[in-house]
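A.B. asks: Got a predicted structure here, sequence first:
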Amino acid sequence: MGSLIFPPYLQEGDRVIVLSPSSKIDKSFLKGAYKRLKSWGLEVVFAKHAGSSNGTYAGNIRQRLEDLQEAMDDEEAKVIFCSRGGYGAVHLIGKLDFTKFRQHPKWLIGFSDITALHNLFQQNGFASLHAPMARHLTVEPEDDFCTQALKDILFGQALGGTEAFSYVCPGHKLNHKGEGKGVLRGGNLSVFYGLRGTPYDIPAEGTILFIEDVGERPHAVERMMYNLKLGGVLDKLSGLIIGQFTEYEENKSLGKDLYGALADLVKEYDYPICFDFPVGHVSMNVPLINGAAVTLKVGKKEVKLSFNTERE
């Protein structure tokens, strides 16, 4: 299975549209994102309802849909930057028109609840960026690794050379050693779990799946993973990346900690599996290209995730 269509890399002066497709956001983070993106030499435009509020959402469904559709249709824009996640992106699935977007593809950036939009964009044939959002760009310093990695990816500086763009992280005692090639897909476990059985589900065959979550109790995570197991998804993967699970109480209700329970659940698979990868609701949340062809190499001492970014 090949990689998806990569939107064009950025150049100085290109337009970024900042919008809020899910929950409402503190406007100080919108200002922070504006400042950071502007410092990269980009034209930063806020969607009409980027700072709006409707209950917990950044506007009602019609307003959020209007903002995203207008951004997708904008012929000059090169990036759709989601300000935050939360909940609400699923309201927009099935209501968006990709006709103009196909003529002028753009990078979709975000994570957490934005996983639903990543699935949608992949289902329509486009790679996208699972990456930090407005709060991260506001509170982290200019030389922050993930912020710089995001900039380098967008401008093609991390991807255009002869060497593969890659991340390396330490090994973990629960890892399964090996090497696998496939298409990188994934994101927030509970969000893409909510799209299981729909046209926006993640295809399992040839996928290197990455997962993370926040605020989910261990038994709920295990239940979702059993769904993937019993549904045959885990059987068909080419690799599995288990990221950060945060903001939950580790009470060992499963008889062991969460990673230990997940290790038992996946022990039968012979493809590479790594634990504790730096992706999730943490400051070290490395940008990942959803839909890119990658190689996952899990060794005894380190894990290397390499992106094949050659364009046809």
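C.D. replies: Sure, I can see it. Numbers count the residues shown, from 1 in each chain.
A.B. asks: Please name the bridge partners of the residue positioned nearest the centre of the chain.
C.D. replies: Ranked by distance to the mean C-alpha position of the chain (C-alpha atoms, centre = their mean), the top residue is His130 at 2.3 Å. When bridges are called by DSSP bridges, His130 pairs up with Gly110, Leu288.
A.B. asks: Contact partners for it?
C.D. replies: Residues near His130 by C-beta atoms under 8 Å, 6 or more residues apart in numbering: 110-111, 114-115, 118, 186-187, 210, 279, 287-290. All C-beta spots, glycine's among them, are computed from the backbone N, C-alpha and C.
A.B. asks: likewise Glu222?
C.D. replies: Taking C-beta under 8 Å, 6+ apart, we find Glu222 in contact with 254, 258, 261-262, 265.
A.B. asks: I'd assumed it was in a helix, is it?
C.D. replies: Yes: Glu222: assigned to a helix according to DSSP: H, G, I helix; E, B strand; the rest coil.
A.B. asks: Next, the closest residue to Gly231 other than its chain neighbours: secondary structure please.
C.D. replies: Using C-beta to C-beta, 6 or more residues apart in numbering and skipping the chain neighbours, the partner closest in space to Gly231 is Arg196 (7.2 Å). Three-state assignment for Arg196 (three-state DSSP): coil.
A.B. asks: returning to what we had before: got a winner among the contacts of Glu222 for most neighbours?
C.D. replies: Within the contacts of Glu222, neighbour counts (other C-beta atoms under 10 Å) peak at Leu262, which reaches 23 neighbours.
A.B. asks: Mind giving me the packing neighbours of the helix or strand hosting it?
C.D. replies: Following DSSP states H and E, one finds Leu262 within helix 258-266. Applying 3 or more C-beta pairs under 8 Å, 6 or more residues apart in numbering; DSSP states H and E, one finds that helix 258-266 contacts helix 218-230, strand 239-246, strand 273-275.
A.B. asks: The chain: helices as residue ranges?
C.D. replies: Using DSSP state H, the helices of the chain run over 27-39, 61-73, 99-103, 115-123, 134-139, 145-154, 189-193, 218-230, 233-236, 258-266.
A.B. asks: so where's the stretch 201-312 of the chain shaky on pLDDT?
C.D. replies: Within the stretch 201-312 of the chain, the ranges that satisfy pLDDT under 70 run 309-312.
A.B. asks: Please read the previous query as pertaining to the stretch 51-200 of the chain.
C.D. replies: The stretch 51-200 of the chain contains residues with pLDDT under 70 at 159-164.
A.B. asks: can you rerun that using 50?
C.D. replies: For the stretch 51-200 of the chain, the stretches with pLDDT under 50 are 161-163.
A.B. asks: Could you verify my assumption that Ile17 touches Val79?
C.D. replies: Yes: using C-beta atoms under 8 Å, Ile17 is in contact with Val79, at 7.0 Å.
A.B. asks: residues contacting the nearest residue to Pro287 once chain neighbours are set aside?
C.D. replies: In space, and not counting its chain neighbours, Pro287 is closest to Ala131: 3.7 Å by C-beta to C-beta, 6+ apart. Residues in contact with Ala131 (C-beta under 8 Å, 6+ apart) are 109-111, 146, 150, 153, 285, 287-288.
A.B. asks: what's the closest of the helices of the chain to Val90?
C.D. replies: Each of the helices of the chain has some distance to Val90 by C-beta to C-beta; the shortest is helix 115-123, at 5.0 Å.
A.B. asks: How about residues contacting the closest one?
C.D. replies: Applying C-beta under 8 Å, 6+ apart, the external contacts of helix 115-123 come out as 4, 21, 68, 82, 89-90, 92-93, 96, 108, 110, 127-128, 130, 185-188, 191-192, 194-195, 199-202, 290-291.
A.B. asks: quick one: which of these sit in strands?
C.D. replies: Using DSSP state E, the members of the contacts of helix 115-123 that fall within strands are 82, 108, 110, 128, 130, 185-188, 290.
A.B. asks: Which pair of those residues spans the longest distance?
C.D. replies: Taking C-beta to C-beta, the two most distant members of the ones in strands among the contacts of helix 115-123 are Cys82 and Arg185; they sit 17.9 Å apart.
A.B. asks: so Lys106 touches Ile80, yeah?
C.D. replies: Yes: with contact defined as C-beta under 8 Å, Lys106 reaches Ile80; the gap is 5.3 Å.
A.B. asks: which neighbours do the two share?
C.D. replies: Common neighbours of Lys106 and Ile80 (C-beta under 8 Å, 6+ apart) are 71-72.
A.B. asks: Have a look at the two and say which one is more surrounded.
C.D. replies: Neighbour comparison, Lys106 and Ile80: the larger count goes to Ile80, with 28 against 23 (by other C-beta under 10 Å).
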